[in-house]
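Novice: My questions concern the predicted model and sequence given below.
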Amino acid sequence: MATVYITQELKNRIKDKIDKMRRQEIANDLPNHGKSYELDATHIYHLGSWGKEHLHLLPSVPKEWLRCDKAVNIRIDTEDDRSFTVEFFSKSEIFYNRPANDYWSRSQSRLTLAAVQELPEGTVGRAEILQRWEDEQVLYGINSRWEKIKDDIMDFLDKCKSLNEAVKLLPSIRMYVKTDDLERLDRKVERPSQRKAIVLDVDVEGITAAAIAAKLSASM
């Protein structure tokens, strides 16, 4: 019977499904990731855009020399060379930036994570930034795990002669194949292969568990 060949298009469709599973897990586990906050985080914003050593000068600067906005982004740099951004909206306060001809005239300021952690606990916006950092670490773990699954599956498919053989050697890979491809596959059955050794380098348990978890979360 005809064989379902492993083409680049097929591999791209499998990658798309893996990415969909990854996004679903992020949506389930991190529902507030990327959320904007309606808080007056003026102090933290000014601290990041002016610097602690110059912050005292802000009250004496004429307002017409500055730009303002009610929506601001605070970029946080971590010790491991990563960064993330938290957006704040203020209903009543105006956030004044540096002078309009300055690079930081955009509504964004920049702080290190350590600087935020050193702020008093009651500082408006501090708790939200630290929570976002916790979420970022979870996000990094999710993305890293799914990236490994994608790499494992792509490497495995490259070693197979066909999708038929891949499914025989690693049945759980069916959960990563789109419905249309499965329908083609099930109409074209290939004779059993003896090439089981090629799955030895694949994290079979991890690939299977991730697919089952993604399927369960999608049905919730």
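Specialist: Received it, and whenever you're ready, just let me know what you need.
Novice: Would you point out which residue is most central in the protein?
Specialist: Compute the mean C-alpha point of the chain, and by Cα atoms, centre = their mean the closest residue is L139, 5.3 Å away.
Novice: how near is it to Q24?
Specialist: The gap separating L139 from Q24 is 14 Å, by Cβ to Cβ, to the nearest Å. For glycine as for every other residue, the C-beta is placed from the backbone atoms N, C-alpha and C.
Novice: thinking again about what came up before, may I have the phi/psi pair for the residue nearest to the centre of the chain?
Specialist: Backbone torsions of L139, given as degrees, to the nearest 10, read phi -60, psi -40.
Novice: Next, I76: phi, psi?
Specialist: Torsion angles at I76 (phi, psi; degrees, to the nearest 10) stand at phi -110, psi 130.
Novice: Kindly report the same for F88.
Specialist: phi -120, psi 140.
Novice: show me what contacts it?
Specialist: 36-41, 45, 71-74, 125, 128 (Cβ atoms under 8 Å, 6 or more residues apart in numbering).
Novice: Please parse this protein into its domains.
Specialist: 8-31+137-219, 40-124 (automatic domain parsing).
Novice: In helices, which of the contacts of F88 fall?
Specialist: Taking DSSP state H as the definition of helices, those contribute Y45, E128.
Novice: out of the contacts of F88, which are buried?
Specialist: Buried subset of these (neighbour count, 16 or more other Cβ atoms under 10 Å): Y37, L39, D40, A41, Y45, V72, N73, I74, G125, E128.
Novice: R110 reaches N73, doesn't it?
Specialist: No: if you go by Cβ atoms under 8 Å, R110 and N73 don't touch, sitting 9.5 Å apart.
Novice: circling back to that earlier point, state the pLDDT value of the residue nearest to the centre of the chain.
Specialist: Per-residue confidence (pLDDT) for L139: 96.
Novice: Please consider this matter closed, and thank you.
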